[in-house]
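Peer 1: Predicted model follows, preceded by the sequence.
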Amino acid sequence: MTGAGASFTQGISSSTPLEWDLQFRINVTAQVFFTLSLLPLFEKSQEKKVVNVASMLGDLTYSEANPHLQFASYAASKAGITMANLKFHNE
């Protein structure tokens, strides 16, 4: 986590496009495409499980109940990987 978008106290208006790009590249894009690279192995296996680590900070209800916790880009990226996991599950 780097920059204002990953800060405990600085709000989203202090963040930059670069830190958002880095957060999503690490926490969403890399995990999605790593999982995609494993699909041929999943097809051959009996048990198909993928575990990606999310965070309470990516949960809408938790974030609404704790407005003092900023972490804007980090929280958004963790919500993003949660959604990606659901999309893999649905597929």
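Peer 2: Received, thanks.
Peer 1: okay, CA-based contacts and neighbour counts for the rest of this
Peer 2: Will do.
Peer 1: What are the contacting residues of the longest helix belonging to the chain?
Peer 2: Determined from DSSP state H, the single longest helix within the chain is helix 72-90. If you take C-alpha atoms under 8 Å, 6 or more residues apart in numbering as the criterion, helix 72-90 is touched by 1, 5-7, 11-12, 15, 19-20, 23-24, 27-28, 31-32, 52, 54-55, 57-59.
Peer 1: Can I get that helix as CSV, trimmed to CA atoms?
Peer 2: The C-alpha trace of helix 72-90 is given here as CSV (Å, rounded to 0.1, in the frame of the first residue of the first chain):
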residue,chain,number,x,y,z
ALA,A,72,-9.5,4.5,-0.7
SER,A,73,-7.5,2.7,-3.4
TYR,A,74,-6.7,-0.3,-1.3
ALA,A,75,-10.3,-0.7,-0.2
ALA,A,76,-11.6,-0.4,-3.7
SER,A,77,-9.1,-3.0,-5.0
LYS,A,78,-10.1,-5.5,-2.3
ALA,A,79,-13.7,-5.0,-3.3
GLY,A,80,-12.6,-5.6,-6.8
ILE,A,81,-10.9,-9.0,-6.1
THR,A,82,-14.0,-10.1,-4.2
MET,A,83,-16.1,-9.4,-7.3
ALA,A,84,-13.6,-11.1,-9.5
ASN,A,85,-13.8,-14.2,-7.2
LEU,A,86,-17.6,-14.2,-7.5
LYS,A,87,-17.3,-14.0,-11.3
PHE,A,88,-14.9,-17.0,-11.4
HIS,A,89,-17.3,-18.9,-9.2
ASN,A,90,-20.3,-18.1,-11.4
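Peer 1: Let me know the average pLDDT across it.
Peer 2: Mean pLDDT, computed over helix 72-90, is 93.
Peer 1: residues of it that come out buried?
Peer 2: 72-82, 84-85 (16 or more other C-alpha atoms under 10 Å).
Peer 1: repeat for stretch 12-25
Peer 2: Of all the residues in stretch 12-25, those buried under the rule 16+ other C-alpha under 10 Å are 15, 19-20, 22-24.
Peer 1: how close does Ala75 sit to Gln23?
Peer 2: From Ala75 across to Gln23, the span is 9 Å (C-alpha to C-alpha, to the nearest Å).
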